[in-house]
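Participant: quick one, fold the following:
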Amino acid sequence: MSNNKFLLSITELGGYPDFRELYEKCGFQVEAVNSMRKALRSLKQNKYDVVVAEFNFQSDFRDRTSSLETLMAVIQQMDEVKVIIFYEKEYFHQFEKLRARFSFYTELAYPIDTQQLKAALENV
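Facilitator: Residues are numbered from 1 along each chain as shown. Purely as a prediction, here's the structure:
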């Protein structure tokens with residue numbers, strides 16, 4: 001079976017299971033990167049159907065809450081890219097600031113519910 005759906009997985013901090021097998025079972029060809037810089041480079045070179053990223057609150061940023069804002073500024077100019085975000089419940093109030101500016105396909109709090117993730121991927 002030829003995969004014609006592409007997923008970019010961005011894992012900066014991790015601390016949760018590797019979902020590559022689930023992504024592939026849902027029919028995605030997966031590229032995994034471990035930094036926002038690599039993700040941005042990959043987005044410029046490839047077309048993705050789904051991007052899975054983490055919201056990592058960074059209090060040391062003066063003008064933003066996380067590097068996710070940079071990613072979303074690029075993605076919002078791309079048609080049809082679905083963004084799935086993983087976030088820590090304790091930083092939801094910070095994440096809400098980002099939600100006010102950008103729309104996400106699915107938002108999942110840790111610990112990630114695999115059934116919810118699978119359902120989101122199957123509906124892409």
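Participant: tell me which stretches of this structure form strands.
Facilitator: In the chain, the strands defined using DSSP state E lie at 5-10, 28-33, 50-55, 82-87, 106-109.
Participant: just name the most buried of those strands.
Facilitator: A comparison of the strands of the chain by mean neighbour count, using mean count of other C-beta atoms under 10 Å, puts strand 50-55 on top with a mean of 24. Where C-beta positions appear, they are placed from N, C-alpha and C, glycine not excepted.
Participant: give the other helices and strands that that strand contacts.
Facilitator: Applying 3 or more C-beta pairs under 8 Å, 6 or more residues apart in numbering; DSSP states H and E, one finds that strand 50-55 contacts strand 5-10, helix 36-45, helix 68-75, strand 82-87, helix 92-101.
Participant: and the strands of the chain as TSV, adding mean pLDDT and distance to Ser67?
Facilitator: Listed next are these as TSV, based on pLDDT from 0 to 100; distance: least, C-beta to C-beta, whole Å:
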stretch	mean pLDDT	distance to Ser67
strand 5-10	97	9
strand 28-33	97	12
strand 50-55	95	9
strand 82-87	96	13
strand 106-109	96	17
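Participant: dump the ones you listed to TSV, plus distance to Asn123.
Facilitator: Listed next are those as TSV, based on distance: least, C-beta to C-beta, whole Å:
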stretch	distance to Asn123
strand 5-10	12
strand 28-33	13
strand 50-55	11
strand 82-87	9
strand 106-109	9
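Participant: I figured Phe19 hits Leu117, correct?
Facilitator: Yes. Phe19 is within contact range of Leu117, at 6.6 Å (criterion: C-beta atoms under 8 Å).
Participant: re earlier: nearest to Asp113, out of the helices and strands packed on strand 50-55?
Facilitator: Counting by C-beta to C-beta, Asp113 lies closest to strand 82-87 out of those; the figure is 10.7 Å.
Participant: no further queries at this time; thank you.
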